[in-house]
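Chemist: Sequence and computational prediction follow.
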Amino acid sequence: MSSTPIILWYRRDFRLSDHAALTVACATGRPVVPVVIRDDSVETLGAAPKWRWGLGAEHLAQTLERHDSRLTFRSGDALKVLEALISETGAGAVYWSRAYDPQAVSRDTDVKATLKAAGIEARSFGGHLMFEPWTVETKTGGYYKVYTPFWNMVKGREVDAPLPVPAALPAPETWPHSEDIADWRLGAAMNRGAAIVRPFVRLGEDAAQSRLADFIDTKVASYVEGRDIPAQDRTSNLSENLALGEISPHQCWHAGMRARAEGKPGAETFLKELVWREFAYHLMHHTPRILDQNWKEDWDAFPWNTDDTTPEVRAWKMGRTGIQFVDAAMRELYVTGRMHNRGRMIVASYLTKHLLSHWKIGQAWFEECLIDWDPASNAMGWQWSAGSGPDATPYFRVFNPVTQLDKFDKNRDYASRWIAEGRRNKHQDALKFFDAIPRHLALSPDDPYPDPVVAADIGRKRALSAYENREF
């Protein structure tokens with residue numbers, strides 16, 4: 001066992017630094033065989049996150065090669081793939097970083113039990129979260145259902161210092177056969193959208209670290225105000241890299257703590273956003289139903305529209321609602337694979353309240369379109385906006401997308417960047433929307449801008465009437 005290889009199973013932890021499983025494996029001096037597996041957890045991803053996962057895996061392979069290592073690509077059931085690799089390499093151990101969604105937990109539990117029963121060391125490590133969900137409890141021993149007490153509990157905790165890249169990645173004498181990731185065609189469902197979105201991707205660990213450094217150096221001081229201005233690049237943009245583990249929350253946390261110590265005003269707000277992400281994962285761990293059911297069960301009786309083919313919902317998906325803030329944000333999603341956080345709140349409120357459509361419709365659309373898709377954050381964000389989730393926005397709070405645009409995009413810089421119709425000087429990004437959408441829609445930047453499918457004032461009145469006519 002002292003010289004048998006260790007299989008390092010990469011999933012959503014595409015980095016070499018601050019990687020506990022990799023660090024421990026390399027410290028043994030035994031050969032390390034990194035592998036990614038295209039199992040059901042990958043196959044069932046939406047178009048954009050599957051494509052982005054493939055880009056991340058391919059980039060990780062290139063990074064490992066620069067460290068005299070390799071990434072083996074395999075397809076199939078994870079346990080069967082690992083058993084085959086163990087047989088081929090003579091490996092005596094499999095290490096991986098933990099995942100927390102219920103499907104991954106079930107899979108990993110089965111893998112660990114089966115491998116251990118066969119005499120194979122099987123170890124899982126932290127790294128995707130700063131605080132493991134089973135380590136944060138209320139005074140009565142339960143889990144936190146409200147964010148602020150959760151923040152107050154963890155804000156003073158020690159967060160492990162980030163680990164450096166291992167000095168050496170021991171290689172086996174012979175490498176196992178690898179499939180060609182190009183044959184997987186992970187971007188097939190993106191169609192022509194891949195070429196449009198690709199320039200907006202910041203790929204890999206080095207790009208993520210550069211993003212973090214730039215944010216801390218130039219943006220965090222004004223983060224409190226700047227994060228609400230969608231036309232300006234004043235957020236960290238790290239969600240894309242955190243989603244695939246190209247950077248760790250520990251690394252972000254310690255950078256934020258240094259900024260706070262230096263007196264930069266927005267640093268604590270940035271730290272709170274990192275903990276908001278943690279809060280979503282803890283809720284997913286303790287109440288997995290948040291992913292596909294109303295977290296507040298009394299919302300089960302609310303008469304949301306569940307048909308995602310209605311003209312209003314189709315207009316929402318296409319950024320053709322006639323409400324500029326909503327349409328600009330939805331088009332930003334088409335072109336970049338991401339959406340400003342203020343935009344996410346506005347489009348979610350409009351779908352669930354003005355259009356009275358189920359949050360699951362929006363959740364599924366984001367899962368199809370976001371390159372920074374994250375199961376916990378996506379579910380909690382949609383339920384927060386709809387009112388059915390933990391610590392949710394009150395049901396009577398209905399964002400007015402028109403006055404929100406007046407407040408956060410006074411000069412219409414954001415709207416004009418993403419909406420071409422009706423403008424003489426059309427922004428290049430607004431034109432890219434028409435290159436990204438399916439051709440059969442036959443939309444043109446010279447089309448007239450649509451009238452609202454549901455006006456802001458009418459939608460608000462309709463939503464409040466629906467809420468007031470049921471008991472909460």
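Modeler: Yep, that arrived. Numbers count the residues shown, from 1 in each chain.
Chemist: Looks like Asn341 contacts Gly226 (just checking).
Modeler: No: using Cβ atoms under 8 Å, Asn341 is not in contact with Gly226; the gap is 11.4 Å. Quick note: C-beta positions are derived from backbone N, CA and C, even for glycine.
Chemist: shared neighbours of these two, anything?
Modeler: By the contact definition Cβ atoms under 8 Å, 6 or more residues apart in numbering, Asn341 and Gly226 are jointly contacted by Thr235.
Chemist: Surely Ile196 and Asp435 touch.
Modeler: Yes: the criterion here is Cβ under 8 Å, and Ile196 meets it with Asp435 at 5.6 Å.
Chemist: Looking at those two, which is more packed in?
Modeler: Ile196 (21 against 13; other Cβ atoms under 10 Å).
Chemist: Contact partners for that one?
Modeler: Tyr334, Val335, Lys432, Asp435, Ala436.
Chemist: Filter those down to the ones in helices?
Modeler: Tyr334, Val335, Lys432, Asp435, Ala436 (DSSP state H).
Chemist: Can you tell me which of the residues you listed is closest to Trp373?
Modeler: Nearest to Trp373 among the ones in helices among the contacts of Ile196 is Tyr334, at 14.6 Å by Cβ to Cβ.
Chemist: burial measure for the closest one, as a count.
Modeler: 23.
Chemist: Of all the residues in stretch 410-429, which ones are buried?
Modeler: Arg412, Tyr414, Ala415, Ser416, Arg417, Trp418, Ile419, Ala420, Glu421, Lys426, His427, Asp429 (16 or more other Cβ atoms under 10 Å).
Chemist: er, stretch 337-353 I mean
Modeler: Counting neighbours by 16+ other Cβ under 10 Å, one finds that the buried residues in stretch 337-353 are 337-340, 342-353.
Chemist: again, but for stretch 264-273
Modeler: Applying 16+ other Cβ under 10 Å to stretch 264-273 flags Lys264, Gly266, Ala267, Glu268, Phe270, Leu271, Glu273 as buried.
Chemist: and the closest residue in space to Gly337 that isn't next to it in sequence, helix, strand or coil?
Modeler: Leaving aside its chain neighbours, Gly337 sits nearest to Ile371 (3.5 Å; criterion: Cβ to Cβ, 6 or more residues apart in numbering). In three-state terms, and counting by DSSP: H, G, I helix; E, B strand; the rest coil, Ile371 is coil.
Chemist: Which other helices and strands does the longest strand along the chain contact?
Modeler: Using DSSP state E, we find that the single longest strand of the chain is strand 32-38. Contact partners of strand 32-38 among helices and strands, from 3 or more Cβ pairs under 8 Å, 6 or more residues apart in numbering; DSSP states H and E: strand 6-10, helix 20-27, helix 47-66, strand 72-75, helix 78-89.
Chemist: What pairs with that strand, parallel or antiparallel?
Modeler: Within its sheet, strand 32-38 is paired with strand 6-10 (parallel), strand 72-75 (parallel), according to DSSP bridges.
Chemist: from these, which stretch is densest packed?
Modeler: strand 6-10 (a mean of 25; mean count of other Cβ atoms under 10 Å).
Chemist: re earlier: just put the helices and strands packed on strand 32-38 in JSON lines and tack on distance to Pro230 and mean pLDDT.
Modeler: Putting the helices and strands packed on strand 32-38 into JSON lines (distance: least, Cβ to Cβ, whole Å; pLDDT from 0 to 100) gives the following:
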{"stretch": "strand 6-10", "distance to Pro230": "34", "mean pLDDT": "98"}
{"stretch": "helix 20-27", "distance to Pro230": "36", "mean pLDDT": "98"}
{"stretch": "helix 47-66", "distance to Pro230": "20", "mean pLDDT": "98"}
{"stretch": "strand 72-75", "distance to Pro230": "38", "mean pLDDT": "98"}
{"stretch": "helix 78-89", "distance to Pro230": "39", "mean pLDDT": "98"}
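Chemist: Please enumerate residues in contact with the helix or strand of the chain with the lowest mean pLDDT?
Modeler: Every helix and strand in the chain was compared by mean pLDDT, DSSP states H and E; the lowest is helix 456-468, with a mean of 90. Helix 456-468 is contacted from outside by 302-303, 323, 350, 353-356, 395-396, 398, 400-403, 454, using Cβ under 8 Å, 6+ apart.
Chemist: What of stretch 98-118?
Modeler: By Cβ under 8 Å, 6+ apart, stretch 98-118 touches 11-12, 39-41, 78-79, 82-83, 86, 94, 96, 121-122, 124-129, 133, 281, 284-285, 288, 291, 375-376.
Chemist: Over to stretch 167-175?
Modeler: By Cβ under 8 Å, 6+ apart, stretch 167-175 touches 5, 22, 26, 29-33, 64, 67-70, 72, 89.
Chemist: can you pick the most crowded of those?
Modeler: Neighbour-wise, these (other Cβ under 10 Å) top out at Leu22, 28 neighbours.
Chemist: on that earlier part again, filter the contacts of stretch 98-118 down to the buried ones.
Modeler: Buried residues within the contacts of stretch 98-118, counting neighbours by 16+ other Cβ under 10 Å: 11-12, 39, 41, 78-79, 82-83, 86, 94, 96, 122, 124-129, 133, 281, 284-285, 288, 291, 375-376.
Chemist: beta partners for Tyr10?
Modeler: Counting by DSSP bridges, Tyr10 is bridged to Val36.
Chemist: List the residues that contact it.
Modeler: Counting by Cβ under 8 Å, 6+ apart, Tyr10 has contacts Pro34, Val35, Val36, Ala57, Leu60, Leu71, Trp96, Ser97.
Chemist: what's the distance between it and Ala267?
Modeler: 31 Å (Cβ to Cβ, to the nearest Å).
Chemist: Likewise for Leu242?
Modeler: 17 Å.
Chemist: Would you mark the buried spots in whatever helix or strand Val111 lives in?
Modeler: Per DSSP states H and E: Val111 is located in helix 102-117. Across helix 102-117, burial judged by 16+ other Cβ under 10 Å covers Ala104, Arg107, Asp108, Val111, Lys112, Leu115.
Chemist: Likewise for stretch 313-328?
Modeler: Under 16+ other Cβ under 10 Å, the buried positions of stretch 313-328 are 313, 315-321, 323-328.
Chemist: His440: which of these is nearest?
Modeler: When those are compared against His440 (criterion: Cβ to Cβ), the nearest one is Met318, at 11.8 Å.
Chemist: ok, now which ones touch that closest one?
Modeler: Taking Cβ under 8 Å, 6+ apart as the test, what Met318 contacts is Met330, Ile437, Leu441, Leu443.
Chemist: cool, and Ala21?
Modeler: Shown in contact with Ala21 (Cβ under 8 Å, 6+ apart): Leu8, Asp13, Tyr95, Trp96, Ser97, Arg123, Ser124, Phe125, Gly127.
Chemist: go on, Lys219?
Modeler: Counting by Cβ under 8 Å, 6+ apart, Lys219 makes contact with Gly226, Asp233, Arg234, Thr235, Ser236, Gly266.
Chemist: And Tyr414, which helix or strand is it part of?
Modeler: If you go by DSSP H and E, Tyr414 is part of helix 413-418.
Chemist: now what about that helix, what contacts it?
Modeler: With contact meaning Cβ under 8 Å, 6+ apart, helix 413-418 is reached by 230-231, 319, 324-325, 327-329, 331-332, 335, 340, 405, 408-409, 423, 427, 429-430, 433.
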